[in-house]
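Engineer: kindly generate the corresponding structure for this input.
(2 chains)
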Amino acid sequence: NAGVTQTPKFRILKIGQSMTLQCAQDMNHNYMYWYRQDPGMGLKLIYYSVGAGITDKGEVPNGYNVSRSTTEDFPLRLELAAPSQTSVYFCASSYTPPGQVAEQFFGPGTRLTVL
Amino acid sequence: EDKVVQSPLSLVVHEGDTVTLNCSYEVTNFRSLLWYKQEKKAPTFLFMLTSSGIEKKSGRLSSILDKKELFSILNITATQTGDSAIYLCAVDFYNQGGKLIFGQGTELSVKP
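Structural biologist: Numbering: from 1, shown residues only, chains lettered A, B, ... in the order given. You can find the predicted model right below:
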């Protein structure tokens, strides 16, 4: 199993550009998550999904969009990049039975700089 | 507003020392508290605590939760340079899709 994979590893964007951060998992996990981590800070949840076709906002969703058309993939879209979106982005997944909590497995991260 | 606070924010110790990292929380619908270790890249899971007063242990690491006083501690005994990392605690909630609220993290540096 590759686990959780993210592409690209690094990206520099100009203000106003758009891009999609890719995330895929091959563990048949039902739940998937997107976090951002700013320097010296913990992780902030952007969006999450409890299954294909279902997404919901986290703590900091503004400026981002997601979709979950398959169990495996959970792309994160930035429509109009702003310097405040400079961060490291982590995707995570978990197999979470109904009503239970489960360990989340994280991808290696994407370092995004907006200039 | 839900809040998870870790202390200290950073800590420098020498090999062999014992350290205690703190995590306090003020949240509604608390279900469990999780500890993660983050070295250069992605966080990796350490412990999940759901019941008060029951210690979880893995080698030199141990953790305990106090649901009455709303905090958890992570202890590392006989520290090694390989323990250098950021330690993150996170809180999970009932009926909220498994989402986690993370603290800021404690950056631990273990010197030889």
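
Engineer: near chain B, which residues of chain A are found?
Structural biologist: Residues of chain A that fall close to chain B, judged by Cβ under 8 Å from any Cβ of the partner chain: A:4, A:31, A:33, A:35, A:40-45, A:48, A:50, A:56, A:58-59, A:90, A:94, A:96, A:101-109. Backbone N, C-alpha and C define where each C-beta goes, glycine included.

Engineer: burial measure for residue 14, as a count.
Structural biologist: Using chain A. When neighbours are defined as other Cβ atoms under 10 Å in any protein chain shown, A:K14 has 8 of them.

Engineer: my bad, chain B
Structural biologist: 11.

Engineer: what does the one 10 residues further on give?
Structural biologist: Other residues lying near B:S24 total 17 when counted by other Cβ under 10 Å.

Engineer: ditto for the one 4 residues further on
Structural biologist: For B:T28, the count of nearby residues is 9 (other Cβ under 10 Å).

Engineer: roughly how far apart are the closest residue to it other than its chain neighbours and B:S52?
Structural biologist: Closest residue in space to B:T28, ignoring its immediate chain neighbours: B:D2 at 6.8 Å, by Cβ to Cβ, 6 or more residues apart in numbering or on different chains. B:D2 is 19 Å from B:S52, where distance means Cβ to Cβ, to the nearest Å.

Engineer: what of A:A81?
Structural biologist: Separation of A:A81 from B:S52 (Cβ to Cβ) stands at 45 Å.
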